[in-house]
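Visitor: predicted model, plus sequence, below.
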Amino acid sequence: MTILVSRTDSIGDVVLTLPLVGAIKRYLPSSKVIFLGKSYTKAVIELCDDIDEFLNWDDLRKDLKKAHTVLQNKNINTAILVFPDKQIAKVCKKAKIKYRIGTSHRVHNLLYCNRLINFSRRKSNEHEAILNLKLLNKVSGLQNKISFDNITELLNVSVKRSDYPKGYISENEDFKYVILHPKSNGSAREWGLENFKTLINLLDKTKFRIFVCGTESEGELFRQYLFDNKIDNVYDLSGQLSLEEYISLINDSDFLIAASTGPLHIAAILNKHAIGLFPPIRPMDPGRWRPIGKNVKIFCKEKSCNICRKDTNCECVKSIPPKDVADYIISTCKPNS
């Protein structure tokens, strides 16, 4: 059986779809899994050893008249449309894929899918990865066998190395390597540059080497504020790394601190210390978007915050004390911690 899994949105969303792929391989080990994604997330998709083939939607969508032929030639039995997309659903139907699974709350799914799952992500309190697994109910009834507590068992990932610029990490030096990812491109409530700068100053420069990462445009926003000529253990890598190189850097580092962003989710599945800074309100809270991994630490104010719903510049995340984050990092570096 060949199964198509379609998720064509952001990095974190793709990461939280990988347990679904793992469940398919666990319970249908002879199946072939094709993942339909975008160029932007290809490096993340290729981390998963349970994915047999990557199909690039950015290429297929250039000629929708031929796209259905490409899918038809793959002899796909089932398509799981994790991220709703009208064009993809239409192409899957035209390709005569026998089972086309989607949620019932999208009008176009009523037209193009023939196996519908009745739930709404917007109204749900469940974790994103658990919601994704519900889609398997129409394949093999797995949704009641997997809980969030054991979801890491479904991850089968490995890093295919892509070397980043030399000289930042040395096996001969006894440093702990910390990645800070201050910005989110508007996808999350941010901790604020002042908090990141305070955290930098709280970490002993003789024990920690710090990398500040992001896109070039993000670097322009934080570069002058975060970097001080007096601090020689902090390195600006914004705009310098491809996603493949960034993944390799994460794999070689010990900690990553960020809001709910793709790099945080990558660090988590690689079992790095992924420290997430979250607001307490649905649907942005960790109950929905907590990273998946064995070394995840969440900082989140307990009280609900109505300001977050209206304003990205919200104090509920910014009020998380940098000292609490620094104390956690330092505590994990102690023997037997």
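Guide: The structure has been received and is ready for your questions.

Visitor: and the nearest residue to residue 191 once chain neighbours are set aside, backbone torsions?
Guide: Nearest residue to residue 191, sequence neighbours excluded (C-beta to C-beta, 6 or more residues apart in numbering): residue 277, at 4.6 Å. Every C-beta, even on glycine, is put in place using the N, C-alpha and C of the backbone. Dihedral pair for residue 277: phi -110, psi 110, per degrees, to the nearest 10.

Visitor: count residues in the vicinity of residue 277, would you?
Guide: Residue 277: 26 surrounding residues under other C-beta atoms under 10 Å.

Visitor: then residue 286?
Guide: Neighbour count of residue 286, defined by other C-beta under 10 Å: 18.

Visitor: got the contact list for it?
Guide: 260, 276, 278, 298, 300 (C-beta atoms under 8 Å, 6 or more residues apart in numbering).

Visitor: make TSV out of these and add secondary structure and pLDDT.
Guide: Shown next, in TSV, are those (DSSP: H, G, I helix; E, B strand; the rest coil; pLDDT from 0 to 100):
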residue	secondary structure	pLDDT
260	coil	93
276	strand	97
278	strand	92
298	strand	97
300	strand	92
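
Visitor: weed out the non-buried ones from those.
Guide: 260, 276, 278, 298, 300 (16 or more other C-beta atoms under 10 Å).

Visitor: return the set of residues that bridge with residue 256.
Guide: Counting by DSSP bridges, residue 256 is bridged to residue 179, residue 274.

Visitor: wait, it sits on residue 263?
Guide: Yes - using C-beta atoms under 8 Å, residue 256 is in contact with residue 263, at 6.1 Å.

Visitor: tell me which of those two has more neighbours.
Guide: Using other C-beta under 10 Å as the criterion, residue 256 and residue 263 rank with residue 256 on top: 28 against 25.

Visitor: need the contact list for the more buried one.
Guide: Applying C-beta under 8 Å, 6+ apart to residue 256 gives the contacts 178-181, 250, 263-264, 267, 272-275.

Visitor: helix or strand with the lowest mean pLDDT in the protein?
Guide: helix 307-310 (a mean of 66; mean pLDDT, DSSP states H and E).

Visitor: could you pull out the helices for the stretch 101-250 of the chain?
Guide: In the stretch 101-250 of the chain, the helices defined using DSSP state H, counting those that start in this stretch lie at 107-112, 128-134, 193-202, 216-226, 243-252.

Visitor: just checking, what packs against the third one?
Guide: Of the remaining helices and strands, those touching helix 193-202 by 3 or more C-beta pairs under 8 Å, 6 or more residues apart in numbering; DSSP states H and E are strand 176-181, helix 216-226, helix 322-332.
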